[in-house]
Each structure stands twice: as C-alpha cells, then as structure tokens.
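Engineer: okay, predicted coordinates and the sequence, questions at the end:
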Amino acid sequence: MNNSTPSSSTPVQGRKRPKARTAVVGVLAAGLLLGGGVIAANAATSSSTSTTASAASQPTATAATAAVAAKTALARHPLAAGLRFFVNGDSSKPNYGQRAAKIATFILDKRPKLAAKLPAALQADLKALKDAADGDRVAKATHIRDTALNGGYGPKIQAQAKRLQTQKSDRKA
C-alpha cells in the first residue's frame, strides 16, 4: 500500500505545477492585454501634434509601398518599362538611341509571346528600331513615342502612354 500511496501522490503534485503555471501565464497575459488597451487608449487621446506627425508619416509609407509595387510590376511586364522609356526618355542624351534599340531587341527577342500580342504597327516599328543604324535610332524611338501618344497603336497603349506622361509631369511638380 505504501507503494501505491506515493505514486498516487506524485501525479497530484505534478498536476498542481501545470495548473499554477497556467494561472500565472493567464494573469500575465491578462495584464499585458489590459496594459495594451491602456496604451492604445492613451494613443487615441494624445495631442494633435502626434496625430499630425503620424499623418505626415503615412504618405511616406504609402510612397514606399507604391515604389515597391511599381518595381515588381516592371519586373513582370517589360512592355510597361519600354513604354515608360519611350514616353519619358530624354532623346537628347547620347545613349538614348542605343538604349531604345536594346529595349526593342529585348521585347522582340526575349519576349516573343508578348511581342506577338502587340499591335502590328508597333511590332513593325520595334523591328525597324532594332534593325536601324546608330544615327536613325533616335528618330525611330521618337516616332514610337509620338505614335503611342497619338493613338496610332490603339486606345489602350495611348491611354497608358498618356498616363505615364502625366505621372512624369506630376513628379516634377
């Protein structure tokens, strides 16, 4: 009998320890939740200067998020990057024609499925730019820009080109 008594008393002591730990953890969690509620309440009733500071920090976070989203979108869609270059690129720079030819080559050679979906006129202009001599590349690239802005490649590309042009002017302002 003595053997059964100690073994039955040992699990009882073991049970008390987990219950005690659970009670302590529960009390700590409740205290943290209440403390967090008090902190949140204090933050909600804080002065207007901290509210303006937090409101001023929100556009920065939104701009950073938008920049990350724009980079991932450009990585997925090379036509958007190419169109942005043609519309917003500075044709007076010495390497403008060279870069435009590289973009045309990339779209036509590396992304043939994308190139097949483009309007026939744009495909022909990109091919002409890709095959153009160094002196003619700037003229061909500005022709692509002008045709995109005038709607020669269709309303979707025209709308996107105008949106890109507007975004550039908004950034400068």
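Structural biologist: Happy to help now that I have it.
Engineer: other residues contacting the host helix or strand of Ala80?
Structural biologist: If you go by DSSP states H and E, Ala80 is part of helix 78-88. The contact list for helix 78-88 (Cβ atoms under 8 Å, 6 or more residues apart in numbering) reads 73-74, 99-100, 103-104, 106-107, 110-111, 114, 118, 141, 144-145, 148-149, 157, 160-161, 164-165, 168. In short, each C-beta sits where N, CA and C put it, glycine included.
Engineer: ditto for stretch 101-113
Structural biologist: Contacts for stretch 101-113 (Cβ under 8 Å, 6+ apart): 78-79, 81-82, 85-86, 114-115, 118, 123, 126-127, 129-130, 132, 137, 141.
Engineer: drop anything exposed from the residues you listed.
Structural biologist: Among the contacts of stretch 101-113, the ones that count as buried by 16 or more other Cβ atoms under 10 Å are 78-79, 81-82, 85-86, 115, 118, 123, 126, 129-130, 132, 137, 141.
Engineer: just the CA trace of the next helix or strand after the helix holding Ala80, in PDB.
Structural biologist: On the C-terminal side of helix 78-88, the closest following helix or strand by DSSP H and E is helix 96-105. Extracted in PDB, the C-alpha atoms of helix 96-105 (Å, rounded to 0.1, in the frame of the first residue of the first chain):
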ATOM      1  CA  TYR A  96      19.100  57.300 -75.900                       C
ATOM      2  CA  GLY A  97      19.000  55.600 -79.300                       C
ATOM      3  CA  GLN A  98      21.200  52.700 -78.100                       C
ATOM      4  CA  ARG A  99      19.000  52.100 -75.100                       C
ATOM      5  CA  ALA A 100      15.900  52.200 -77.200                       C
ATOM      6  CA  ALA A 101      17.300  49.600 -79.600                       C
ATOM      7  CA  LYS A 102      18.200  47.400 -76.600                       C
ATOM      8  CA  ILE A 103      14.600  47.600 -75.300                       C
ATOM      9  CA  ALA A 104      13.200  46.800 -78.700                       C
ATOM     10  CA  THR A 105      15.500  43.900 -79.100                       C
END
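Engineer: sweet, I'm off.
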